[in-house]
Every structure is written in structure tokens, then in C-alpha cells.
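S.K.: just coords:
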């Protein structure tokens, strides 16, 4: 018997292995009370150690077909913005981008205002909750929609600390300024969410899937909120987002259909054949927020993100076996000004108190644990969001 073994050659799609990079434009010309923000970046090779490559120092303007110009300002690296715009719904608008060595223009696009988000609902399923959106457009401005969302949730550290080291000694923690037990986490949508009523008899969309949250997720442990933004699209914009969704989310193996050419509406004035990833739209963006508490759910127990937390007892006066002099263990474990590596300090949790036969109670030390078990700000913020209720 002869067995023939062959090796398949590693396949690197052109968009992944190409030595150059493509300009990526993210944003919407926002016709409403919210700011207009565009983010510019360049794609990176998957082999690169760089994960973000923002384009800084560009000059961006929004222009109407009557030559009204709105300049944007770079607010942070690669992010350009302008405050509330009150656009003329009867005019068309485009984006102009000037870089050090190139210039890009989007096509003029109409103002397509999104209708209100009718509903954000959730269905309890065996393994979590499915969150859906519903909308309708009574005036038929569009039949094509896109959504994105931002999630916020309360979470807790494993231990609740009432004490903190100031570097030299352990003192009582000041609340709420030094709160490290209750925190808020945030996440944003990472998939492209689309919906269309073009093939429906009515311009109504119900229960369009947004995201699924697992029953074991920490997000559902206490209180969870999701804020959904809705964008109205033209047919061409919808087609662009469909292709981008397929290319980024639905490809299986190299034996499946290869990525389609992503033709957006942004072009280089110097090199019209240059690929630019992005599609500029204009219109109002509507939004809706809901809250979900653990009381609305079946009593699920989230997976514990703290598998190796232990509480140690640290004493102010500790005499090891055979020693003649007691040492202050808190200078060894808590008080970072006394440590060679301050980042190795534990965080005190609670006081260790003794009550002698005569006299007042005494603190003889504190329990403590690793920072990741005590300080929730390592994974979120202890500042309650303004919208929280």
C-alpha cells in the first residue's frame, strides 16, 4: 500500500498579506443634536504587532452641494469631530479628507433621517437573553437600517475593601472617592447589524436580532443596560454594509467564496483606483436605552472571573519562629513605599481586631488579597455613568 501525503500551502488573502495599507473611514454626517465624529486609520497586516494605526494630522471638512463648508477638529489621535449640525434635508453632503500626501472625497449623499427606535426587547432563553430591535418608518424615508450599540453593566470585585495603604501605613478607605468594590464595565458592538423592509409589505421591522448575552456572563449579574443607535441607509449604503459584513463575519475556509471587492463611496483624487474602506452617509441618528436587572431573569449565577482569590492575614507585629525581633508585615505586603516592587503590593481588605481582657479593642493587622481580587477599577470604572438609574 502506498500512502500519499500532501501539504496544503498556507493561504494569505491579498488584503491580509499586502505590504501596503488601506485608508479606513468610520463615521456618519450627523444631522441632529449629537456631534459628528469621523475616525481615520490604516489597515495593518495581521503579522504586525501593531493593532491600531490611527491617521493623525489630516484636515477634514464636510461640504454641501452649495459649497457650505463645516471644518472638523482632531480631538484625539485619528478622531475628528464637530458639534451639532443642522443640515438642510433638501441638500446633499460629502466628506473631504486632506492628508500629507493625498486627498479623498466621498460622493455627495442625501440626508436620510432615521425614524425613532420603537422597541428594544429581550427574550429569555435557556442559555441567556436575545436582545432585539424594532422600528418603522411612517414617511418611508428609507427601508434600509443599520444598528450599533453600547453595553454598560455593574460588576463587583471578589472582596470588598474598607482599607487602603497610603504607602507607609494602612488607613480607612474614603468612600465614595476610593470605591473599588462597585464598578461599571463597558463594551461596544463588534458586528455589523443590518435590517431591511424592502421585501416586506409594510415598512416595519420587528425583533431584529442585535446581540445575545450568555446566562453565565458577568454582564447579567446585577444590572445591565444597552443603548442602541439606529441609522437610516440608502440602498447603495446598505449594499456596502452587506458586503462588508460578509467579508468580515461570514467567511469560513479558503474553500468558500473569496471576499468581494468592497466598493465604498470614498475615492482618492490622486489615484481613483486606490482602495478606501468606508461609506459616508448623512442623516439623524436615533437611539434608545433599556435596563435589565437580575430580578427580571431566572436567577442565573454568572461565571466567577476570580478563580484564584485567597485572603491572607497580615500582622503589624509578627515574630517568625526562631526570630528575636517582630516585624511589621504590612510593610512587606501592603505599604508600597517600603517595597522594591510597589506593583507587587497586596490591597488590605478588613481589620484584624482583638479585644483584650482589659482595655479597648485593638487592630493588630489586616487581611489582604491580590489587586485583581479587590480593585474593580482594574477592569472598569468606579464613576457611575450619568445615565445610570
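M.R.: Arrived safely. Values in this document were obtained by computation on a predicted structure and should not be read as measured data. Numbers count the residues shown, from 1 in each chain.

S.K.: in the stretch 251-389 of the chain, which spans are strands?
M.R.: Taking DSSP state E, counting those that start in this stretch as the criterion, the stretch 251-389 of the chain carries its strands at 266-268, 276-277, 282-283, 285-293, 312-315, 347-354, 362-369.

S.K.: next one: the stretch 101-250 of the chain
M.R.: For the stretch 101-250 of the chain, the strands defined by DSSP E, counting those that start in this stretch cover 103-106, 109-110, 117-125, 128-136, 144-156, 163-165, 170-172, 182-188, 193-196, 204-214, 223-233.

S.K.: Take those and write them to a markdown table, including mean neighbour count, distance to residue 29 and mean pLDDT.
M.R.: Heads up, the C-betas are built off the backbone N, CA and C, glycines and all. Below are those laid out as a markdown table (neighbours: other CB atoms under 10 Å; distance: least, CB to CB, whole Å; pLDDT from 0 to 100):
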| stretch | mean neighbour count | distance to residue 29 | mean pLDDT |
| --- | --- | --- | --- |
| strand 103-106 | 19 | 9 | 98 |
| strand 109-110 | 18 | 8 | 98 |
| strand 117-125 | 15 | 20 | 97 |
| strand 128-136 | 20 | 21 | 98 |
| strand 144-156 | 20 | 14 | 98 |
| strand 163-165 | 20 | 47 | 98 |
| strand 170-172 | 14 | 52 | 98 |
| strand 182-188 | 15 | 20 | 98 |
| strand 193-196 | 19 | 19 | 98 |
| strand 204-214 | 16 | 23 | 98 |
| strand 223-233 | 22 | 11 | 98 |
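
S.K.: Serialize the ones you listed to TSV and add fields for distance to residue 287.
M.R.: TSV is the format used below for the strands of the stretch 101-250 of the chain (distance: least, CB to CB, whole Å):
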stretch	distance to residue 287
strand 103-106	24
strand 109-110	21
strand 117-125	7
strand 128-136	11
strand 144-156	9
strand 163-165	38
strand 170-172	42
strand 182-188	13
strand 193-196	14
strand 204-214	13
strand 223-233	5
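
S.K.: closest to residue 367 out of the ones you listed?
M.R.: For the strands of the stretch 101-250 of the chain, proximity to residue 367 was assessed by CB to CB; strand 163-165 is nearest, at 9.1 Å.

S.K.: Would you mind listing the outside residues contacting the closest one?
M.R.: 170-173, 178, 330, 334-336, 345, 347-351, 366 (CB atoms under 8 Å, 6 or more residues apart in numbering).

S.K.: right, and the strands of the stretch 101-250 of the chain - which one's nearest residue 307?
M.R.: Ranking these by proximity to residue 307 (CB to CB) places strand 144-156 first, at 15.4 Å.

S.K.: Tell me the strands beside the closest one, with direction?
M.R.: Strand pairing for strand 144-156, determined by DSSP bridges: strand 182-188 (antiparallel), strand 193-196 (antiparallel), strand 223-233 (antiparallel).

S.K.: Using ChimeraX, define a selection of the buried residues within the contacts of strand 163-165.
M.R.: Those of those that meet the burial criterion (16 or more other CB atoms under 10 Å) are gathered into one ChimeraX selection, given here:
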select :170,173,330,334,335,336,345,347,348,349,351,366
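
S.K.: Tell me the one among the contacts of strand 163-165 nearest to residue 318.
M.R.: Each of the contacts of strand 163-165 was checked against residue 318 using CB to CB; the closest is residue 330, at 9.3 Å.

S.K.: pLDDT weak spots in the stretch 1-150 of the chain?
M.R.: Where the stretch 1-150 of the chain drops to pLDDT under 70, the residues are 1-20, 45-52.

S.K.: at 90 what do you get?
M.R.: Low-confidence segments of the stretch 1-150 of the chain, defined by pLDDT under 90, span residues 1-22, 32, 43-52, 126, 140-141.

S.K.: how close does residue 323 get to residue 330?
M.R.: For residue 323, the distance to residue 330 equals 17 Å [CB to CB, to the nearest Å].

S.K.: With residue 163 instead?
M.R.: With CB to CB as the criterion, residue 163 and residue 330 are 10 Å apart.
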